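J.: What follows is a predicted structure for the sequence shown.
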Amino acid sequence: MAEERNILDVLPSEMVYKIVAYLDLKHLCIVSRVCKLWNNITKEYDILWKKYCLALPDACKENIKKYRDSGYTWKETLQRTSMDKARERVQHNWLDGRFSHIRSFKELPGNSMFPLDKDAWGEILEAEERRN
């Protein structure tokens, strides 16, 4: 029985890069999780993630610079900046009272929770107390 080979095993790495570079962010993320080989390709060509970092809103630029200056890859920078943005959105929703009417964790929408630090939760609790 002949050994099965992955198409990406036989193509020159420059060609693989050119193929993967056509992917949108959603599919690039999927490719990075298919197998170790494909994940390594997205790591080897970290520049693939740069355009998605630079396409983030201007409000994210400071975080991007901070992560890049700290030595994070473009992929890690994108992940961390996206998580920061999601955390800010959740905190903002809590501070605005969007979830004030909820009395049990079972009533919380799936995207309403996020790991927040104690200062953020303190702000949220103070805002809730002012509302009541």
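T.: Nice, I can see it.

J.: Does residue 43 belong to a helix, a strand or coil?
T.: helix (DSSP: H, G, I helix; E, B strand; the rest coil).

J.: From residue 100, how far off is it?
T.: 43 Å (Cβ to Cβ, to the nearest Å). Bear in mind the C-beta positions are built from the backbone N, C-alpha and C, glycine included.

J.: Repeat that for residue 54.
T.: 37 Å.

J.: can you give me phi and psi for the most centrally placed residue in the chain?
T.: Taking Cα atoms, centre = their mean as the criterion, residue 79 is the residue nearest the geometric centre of the chain, at 3.2 Å. As for residue 79, its main-chain torsions (degrees, to the nearest 10) stand at phi -60, psi -50.

J.: residues contacting residue 9?
T.: residue 37 (Cβ atoms under 8 Å, 6 or more residues apart in numbering).

J.: residue boundaries of the helices in the chain?
T.: 7-10, 13-20, 25-32, 36-44, 50-54, 61-69, 74-95, 118-131 (DSSP state H).

J.: okay, now the domains of the chain?
T.: 1-44, 59-132 (automatic domain parsing).
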